[in-house]
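> Okay, predicted coordinates and the sequence, questions at the end:
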Amino acid sequence: MTTQRTANGLPNGRNGFRGEGELETSSSKEADAGVNGISNGTGTLKLNSRRKVDRKKSSPMLPAFMVSAPGKVILCGEHGVVHGKAAIAAAIALRSYLLVTTLSKSKRTVTLRFPDIDFNHTWNIDELPWATFQQPSKKKYYYDLVTELDPDLVSAIQPLVADVSPHKPADIRKIHQNSAGAFLYMFLSLGSPSFPACQYTLRSTIPIGAGLGSSATIAVCLSAALLLQLRTLSGPHPDQPPEEARVQIERINRWAFVYEMFIHGNPSGVDNTVSTQGNAVIFQRTDYGKPPSVKPLWDFPKLPLLLVNTKVPKSTSHEVAKVGKLKKMHPVLVGSILDAVDQVTQTAAGILTEESFDAESEECLTRVGELMTINHGLLVSLGVSHPRLERVRELVDHQGIGWTKLTGAGGGGCSITLLRPDVPREKLDRLEEQLDREGYQKFRTTLGGDGVGVLWPAVLKNGMDEDDRGGMEIDLERFLSAEGNEGVERLVGVHGGGGEREGWNFWRVEG
C-alpha cells in the first residue's frame, strides 16, 4: 500500500492524519493503535495469504514536524471579568514553535528541551509509571473531557518531577518542574508504553510572565503534537469542512487545558482557548462553580498592534485583591466603574464583528481605539496602572501614533497600542528608539489571526537557495542555533516578517 501525499505534504490521502473513523489498515487492532499508540501505517494484510505472519511489521519513523501556537492579550474587560463581566481576549502574532523529532527505534527515551529557559530533561519511556495511568479506572483517551487532575496520577509522577533541575535556583527549578509535570501528565495520559522515542524542542518569541499566555502556547503545541503523533487528528488541510475543523480544535484545546491545570491549578481556560483557535473570544464567568461562557469571534479582524513590555514584574493576585478591597469599601461607585468596563467590552465586540468593519479604515480603528482609551481610564481609576505603563501612553499620545491601554492585570506587565493606519515610519522609529532608551521591550505585531498551526514535514521555503531544491529542512541544529526572537521568526516563523509562509497549515473555522 502506497502512502499518498496531499499538495501540502501531509501523509495519508485527503486528510493528512487519520481521525475518528478513518482506518489506515484492515486490522481493527491497528485501528485501535491510532487511539492508544502509534499506528504502524504499513498497509493491509492480504486475507488470502496462507503464510503465517510470524513477526510484527516495522513502524516507519515519522518525519520531523513543527507545531506553532499564538500568545494572547486582553483587548477589553480586564478586572471586570473577575466580577462576572465580559472580556475580549485576542490572539497576537507572537508565537511558540515546537519541533518534534522522532528518534531511532533503538532509543527508548523522551526528551523535553526548552532552551529559552535553559531546560533539558530526558526520561526512559520504559521506566515511566504506565501501570498507574493505564488502569481501567484511570485510563483516558484522546476524545475524553478531563476537567480535573487525578490525585493518584499526579502522585505517580512526583518522583520523576522531583529529579528535574535539582541544582537550579528555587524559582527556576519550580518553572522547570511545573513544565515537566504538566508534560508527563499529558504524555502518560495519551500515550502508551509502545510510544516511539522522540524529542520535543520549544522556542518562543513570547515574553514569559508578562500576561501574554506563554504557558498556554506551550500547552497547545504539546497537545497538538501528541494528538498528531497518535494520528487522532485529521488535517489541517485547505478543504477541511469547518465542522470537522471545530472538532479538531476542541480536541487540542481540551488537552491543552489539562496542561494548564497542572501549571495553574484552576485556570480560566481563556488562554489555551485563544491560543488554540486564534482570532478572539468573548469570555465571561458569572458562577465560579460552573464552566465559563466562551463565545468565539471567528471573523475577528487582524489589527496592527504595538505591544510594549514594561519589564515590571506584576502580581495578578495582588491587583485583583486591590480592586476587590476597593469594591468592598465603595461598592456602588466601583460597581458602576465595572459596569462601564462591561459596556466598553460589549460595544467593542459589536463594532469589531460588524460586516462593514474595515481594519484599514481610520474611522473604524478610531471607534475601537477610543474605547480602548476609555477602558484604560477606567482601569486607572481602579488603581491598577503603573508609572511605566502611563509613560508608554504618554509617548504614544505625543507622537499621535495610536490608542494605548494596559492589558491584563496591570501593576506592570504590558501595554497594547492600536496603531493608526499609515503611520509614518519615522514616527514609529522615533517612538521605538525612545522606548529602547528607557528600557522597554517592544514588539510590532498583529491582533487576531490564526491559532494552532502545523508544518509537516518541517520544511519551509524561506526565499533562499534551498527553495529550488524543495525548501529548507528545519533540523534540530538549525532550530537551536537561531538567535533570539528575530532568528526564530526568520527561520521558522509563520509570517517570517512578511505574509504567511508556504508550508504552514491551520485549522481554520469560518464564522
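Thanks, I have it.

> mind checking which helix or strand the nearest residue to residue 83 once chain neighbours are set aside is in?
For residue 83, ignoring the flanking residues on the chain, the nearest one in space by CB to CB, 6 or more residues apart in numbering is residue 338 at 5.3 Å. For glycine as for every other residue, the C-beta is placed from the backbone atoms N, C-alpha and C. Secondary-structure assignment from DSSP states H and E places residue 338 in helix 331-352.

> The helix or strand just after that helix to helix 331-352, inter-axis angle?
Sequence order places helix 362-381 as the next helix or strand after helix 331-352, per DSSP H and E. For helix 362-381 and helix 331-352, the angle between their directions (axes from the mean of the first three to the mean of the last three CA atoms, to 10 degrees) works out to 160 degrees.

> Return the list of helices and strands in contact with the following helix or strand past helix 362-381.
Scanning the chain past helix 362-381 towards its C-terminal end, the next helix or strand to appear is helix 387-399 (assignment: DSSP H and E). Contact partners of helix 387-399 among helices and strands, from 3 or more CB pairs under 8 Å, 6 or more residues apart in numbering; DSSP states H and E: strand 402-407, strand 414-419, helix 425-437.

> What are the contacting residues of the last one?
Translated: helix 425-437. The list of residues contacting helix 425-437 from outside it, by CB atoms under 8 Å, 6 or more residues apart in numbering, reads 306, 308, 392, 395-396, 399-401, 419, 442, 444.

> cutoff 7 Å now
Residues outside helix 425-437 that contact it (CB atoms under 7 Å, 6 or more residues apart in numbering) are 308, 395-396, 399, 401, 442.

> Buried by neighbour count: which residues of that helix qualify?
Taking 16 or more other CB atoms under 10 Å as the basis for neighbour counts, the residues of helix 425-437 that come out buried are 428, 431-432, 435.

> May I have the residues that are in contact with residue 99?
When contacts are counted by CB under 7 Å, 6+ apart, residue 99 touches 64, 66, 201, 458, 474, 476, 479.

> quick one: secondary structure of it?
Local secondary structure at residue 99 is given as strand here, using DSSP: H, G, I helix; E, B strand; the rest coil.

> and it, what pLDDT?
Among the per-residue scores, residue 99 shows a pLDDT of 96.

> again, but for the one 4 residues further on
pLDDT for residue 103: 90.

> what number of residues lie near it?
15 (other CB atoms under 10 Å).

> swap in residue 501?
Going by other CB under 10 Å, the residues that sit close to residue 501 add up to 18.

> my read: it touches residue 494, true?
Yes: distance between residue 501 and residue 494: 6.1 Å, which falls inside the contact criterion (CB atoms under 7 Å).

> What mean pLDDT does stretch 370-377 get?
Over the span of stretch 370-377, the pLDDT mean works out to 97.

> which residues of the stretch 51-200 of the chain fall in helices?
Remark: helices assigned in the stretch 51-200 of the chain by DSSP state H, counting those that start in this stretch are 130-133, 151-162, 170-190.

> can I get the ones you listed in TSV with mean pLDDT?
Converted to TSV, the helices of the stretch 51-200 of the chain look like this (pLDDT from 0 to 100):
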stretch	mean pLDDT
helix 130-133	94
helix 151-162	95
helix 170-190	95
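
> what's the most buried one of the ones you listed?
Compared across these, helix 170-190 shows the largest average neighbour count, a mean of 19 (mean count of other CB atoms under 10 Å).

> Low-confidence stretches in this protein?
Applying pLDDT under 70 to the predicted model, the residue ranges of the chain that meet it are 1-61, 461-471, 496-500, 510-511.

> Can you give me the domain assignment for it?
In terms of domains, the chain is parsed into 65-287+453-506, 302-447 (source: automatic domain parsing).

> Tell me which of the ones you listed lies nearest to residue 296.
With distances scored as CB to CB, the stretch of the domains of the chain nearest to residue 296 is domain 65-287+453-506 (5.4 Å).

> and the nearest residue to residue 481 once chain neighbours are set aside, what helix or strand is that in?
Spatial nearest neighbour of residue 481, excluding adjacent residues (CB to CB, 6+ apart): residue 487 at 8.0 Å. Assessed by DSSP H and E, residue 487 sits inside helix 484-492.

> need the next SSE after that helix, C-terminal direction.
Downstream of helix 484-492 (by DSSP H and E), the next one is strand 505-506.

> which helices and strands does that next one pack with?
Judged by 3 or more CB pairs under 7 Å, 6 or more residues apart in numbering; DSSP states H and E, the packing partners of strand 505-506 are strand 453-455.

> List the contacts of the most centrally placed residue in the chain.
The structure's the chain has its C-alpha centroid closest to residue 217; by CA atoms, centre = their mean the separation is 2.6 Å. When contacts are counted by CB under 7 Å, 6+ apart, residue 217 is found next to 69-71, 95-96, 204, 206, 275.

> element containing the spatially closest residue to residue 143 that is not a sequence neighbour, please.
The spatially closest residue to residue 143, leaving aside those adjacent along the chain, is residue 251, at 6.9 Å (CB to CB, 6+ apart). Per DSSP H and E, residue 251 falls inside helix 242-264.
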